[in-house]
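> For reference, the sequence and a predicted model appear below.
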Amino acid sequence: MTQRANDVGKALAALRADRPLVHNITNYVSMDVAANVLLALGASPAMVHSSEEVEAFADLSASLVVNIGTLSPDWVAAMRLAARRMCDAGKPWVLDPVGVGATAYRTGVATSLLALKPAVIRANASEIAALAGAQARGKGVDSLAASRDVLEPARALAAATGAVVVVSGEVDYVTDGTSIVAVFGGHPLMPAVTALGCSLSATMAAFAAVAAPFDAAVAAAAVFAVAGRQAGDSAQGPASFRTGFIDALWRLTPQTVAESAELTSP
Amino acid sequence: MTQRANDVGKALAALRADRPLVHNITNYVSMDVAANVLLALGASPAMVHSSEEVEAFADLSASLVVNIGTLSPDWVAAMRLAARRMCDAGKPWVLDPVGVGATAYRTGVATSLLALKPAVIRANASEIAALAGAQARGKGVDSLAASRDVLEPARALAAATGAVVVVSGEVDYVTDGTSIVAVFGGHPLMPAVTALGCSLSATMAAFAAVAAPFDAAVAAAAVFAVAGRQAGDSAQGPASFRTGFIDALWRLTPQTVAESAELTSP
Amino acid sequence: MTQRANDVGKALAALRADRPLVHNITNYVSMDVAANVLLALGASPAMVHSSEEVEAFADLSASLVVNIGTLSPDWVAAMRLAARRMCDAGKPWVLDPVGVGATAYRTGVATSLLALKPAVIRANASEIAALAGAQARGKGVDSLAASRDVLEPARALAAATGAVVVVSGEVDYVTDGTSIVAVFGGHPLMPAVTALGCSLSATMAAFAAVAAPFDAAVAAAAVFAVAGRQAGDSAQGPASFRTGFIDALWRLTPQTVAESAELTSP
């Protein structure tokens, strides 16, 4: 067991002990599965999106995830208010720029949110490339690029924004602009379940309440990779995989994840 | 089998026979699971939230649930229109004041809805305490107080509003300000599944279409407790619990629930 | 194996090969299950609803589904923009007029969308009757009429609008105003799972990206019927049915569906 894998186990133990309140401003598609993922890991999720109350709710929360999957102007205004509030309070927030690059509106919103200093940015390869201003091919919200192909744009984006950047894919890469950790594992059924990527971003927000952003991102990717492999063993298809995955997150112990996590620095 | 347990069985038989249309103005997180819970019990759920049509839809509906989990001003306006319409027509509506006490906006909305005379108010201990103006500790939308600790505020809230008040927790308490019934059962995995509390409120609305509010609240709590215990027997975690729970609601017979419900007046 | 059943197998093979981007403007209740159904079949779903970007997103998409289940004025404006864009580009879009006839608002919206030339209209018997201006009894979003009873209104609606019209029920009927194909199969648990009808409409949009509208509607109804029958064999209730159904869609092969589809022209 490496030190880094051991740290993942410690982060999970801290999450289950602290049960942090995680504020989610996220897309409609992901709300059910993301809330269930967070509960299975021991966090306390809440979905609150109105400008009337997002700042007050941010004050109660340990961390925030902003996910732009199903955008509209009212929600964008609330995202900005909540992210700014977390930023001003020195509390971490995670940006999931779903579909950035697909439309000018989406790209503008995602880019403008960067100024509010997310602690972590998690996306697929096409989205990271779009956000970094690089060339990439995306299709709607799914990626056509491989994670490995955008390591340089990811590193540059981290350096430019100060955020930890995570490129999700068959292998997940976590970089702060200098170091890179690769997280292996998971299962081919994961992209066939909607909003698991969104749920991973929410999980990074949960871990960011109990660990530094880089460690939080690695911990979230690692628990997903370990639980995904476990769930894949008995799945009959994507729906039974989803059930087994959430159950596996629930049963995951710090000891198991520390022993099973596959992490390397390429 | 007590008379009260027998009444629960009768209420379930009536629900399956009548298949009432239940109007839901509820939060985004709960819509999928609440609709599936209502269908499993035999009700006919519909989610309709626009001010343009909520009054017309309320006219078609046997009952209504208003759940403030994911608030915004447009939705609040529609909640008021629909609740007033039900109130004016003498039809029952259920209030689920999710997270009341967490922000001033949320507390203001929940409090103002009390004037529209909900037949039932269902919430966790922290929320009931907040709504009753008592001191309590909540964390976002989860409760840090025990149901038993807020029996007096619950009783006072019922007396002040004329609503049946339900405090959900490990034990559910139902009071009309005078009588109190305690409902035992359920399973420790229930709070690990998102929106089961919201689904319970929706189920109370469904039963309120075929029984008096107090009996409806007891019946809903009892079917959840019995199905929850059944589902817990074979669950591997919260996701398989959710699947087993909805399946158990579907298979539940009036006879079984009447024989299995554990109800007492403390 | 008939030619038509063989065509269903070919359409499924094309869908899995092309992985078309399907734009969904749909109700909140259906988003999770519809996205998972589309992914299980090999399509690439995206839920995008803001007027700021629906036209740009429609330009990227192979097809669109517009579902009016949870309406509000902002969404209606976006539905119109996106549908018009698809219509102008000669790309197919599917209309699911959920609950049309229940309120004047809903009826007005559904009727006005007909002018934007949907390629397919899919609904239950009550909704088809309401849209066709015929007499029918509906209850909220559930149908009280049998599919067979509205064959004539369905045929008339197809002739008047130029759309392929699908009446869903125990048997699904697909008509272009001249021909009618009946699709048999499925399972009695299907109406006990929320939003499977909505998911069927989304699936018709997916198939419309790789086949002519009539063939797409038949293919979608047939894969649902075959997977529904398979899932019903081992279901314990509606929730395990839903899991098994999505898994069955995932495992379905062109060969199996071509051999198992039951299609006739009455």
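Yep, that arrived.
> quick one: contacts for whichever residue of the stretch 101-250 of chain A sits closest to chain B?
Residue of the stretch 101-250 of chain A nearest chain B, by Cβ to the nearest Cβ: residue A:247 (2.9 Å). For glycine as for every other residue, the C-beta is placed from the backbone atoms N, C-alpha and C. By Cβ atoms under 8 Å, 6 or more residues apart in numbering or on different chains, the contact set of residue A:247 is A:40, A:231, B:235-240.
> any low-confidence regions in the stretch 101-250 of chain A?
A:134-144 (pLDDT under 70).
> Flag every residue of it that's near chain C.
The stretch 101-250 of chain A comes close to chain C at residues A:102-106, A:139-142, A:191-195, A:235-240, A:242-243, as judged by Cβ under 8 Å from any Cβ of the partner chain.
> Quick check on those: which are buried?
Buried subset of these (neighbour count, 16 or more other Cβ atoms under 10 Å in any protein chain shown): A:102-103, A:105-106, A:139-142, A:191-195, A:235-240, A:242-243.
> Helices - which of those land there?
If you go by DSSP state H, those have A:105-106, A:238-240, A:242-243 in helices.
> And these, which two are furthest apart?
Greatest spacing in these, by Cβ to Cβ: A:105 and A:240 (36.7 Å).
> and the helix or strand where residue A:58 lies, how far out from the chain's middle?
Residue A:58 belongs to helix A:54-60 when assigned by DSSP states H and E. Chain-centre distance of helix A:54-60: 20 Å, with Cα atoms, centre = their mean, to the nearest Å.
> The helix or strand following it - what's its average pLDDT?
Downstream of helix A:54-60, the next assigned helix or strand under DSSP H and E is strand A:63-67. Averaged across strand A:63-67, the pLDDT comes to 98.
> can you pull out the strands in the stretch 51-200 of chain A?
A:63-67, A:93-96, A:120-124, A:138-139, A:142-143, A:164-168, A:172-175, A:180-184 (DSSP state E, counting those that start in this stretch).
> Is it possible to get JSON lines of the ones you listed that adds distance to residue C:77?
Shown next, in JSON lines, are these (distance: least, Cβ to Cβ, whole Å):
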{"stretch": "strand A:63-67", "distance to residue C:77": "24"}
{"stretch": "strand A:93-96", "distance to residue C:77": "26"}
{"stretch": "strand A:120-124", "distance to residue C:77": "29"}
{"stretch": "strand A:138-139", "distance to residue C:77": "26"}
{"stretch": "strand A:142-143", "distance to residue C:77": "27"}
{"stretch": "strand A:164-168", "distance to residue C:77": "34"}
{"stretch": "strand A:172-175", "distance to residue C:77": "39"}
{"stretch": "strand A:180-184", "distance to residue C:77": "43"}
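> Please name whichever of those is nearest to residue B:60.
strand A:63-67 (35.1 Å).
> Quick check: neighbours of that closest one in the sheet, parallel or antiparallel?
Paired neighbours of strand A:63-67 in the sheet (DSSP bridges): strand A:21-25 (parallel), strand A:93-96 (parallel).
> how about residue A:57, what does it touch?
Residue A:57 sits next to A:23, A:46, A:48, A:82, B:102-103, B:140 when contact means Cβ under 8 Å, 6+ apart.
> Which residue, other than its chain neighbours, is closest to the closest residue to chain C within the stretch 101-250 of chain A?
When distances are taken as Cβ to the nearest Cβ, the stretch 101-250 of chain A reaches nearest to chain C at residue A:237, 2.9 Å away. Spatial nearest neighbour of residue A:237, chain neighbours left out: residue C:247 (2.9 Å); criterion: Cβ to Cβ, 6 or more residues apart in numbering or on different chains.
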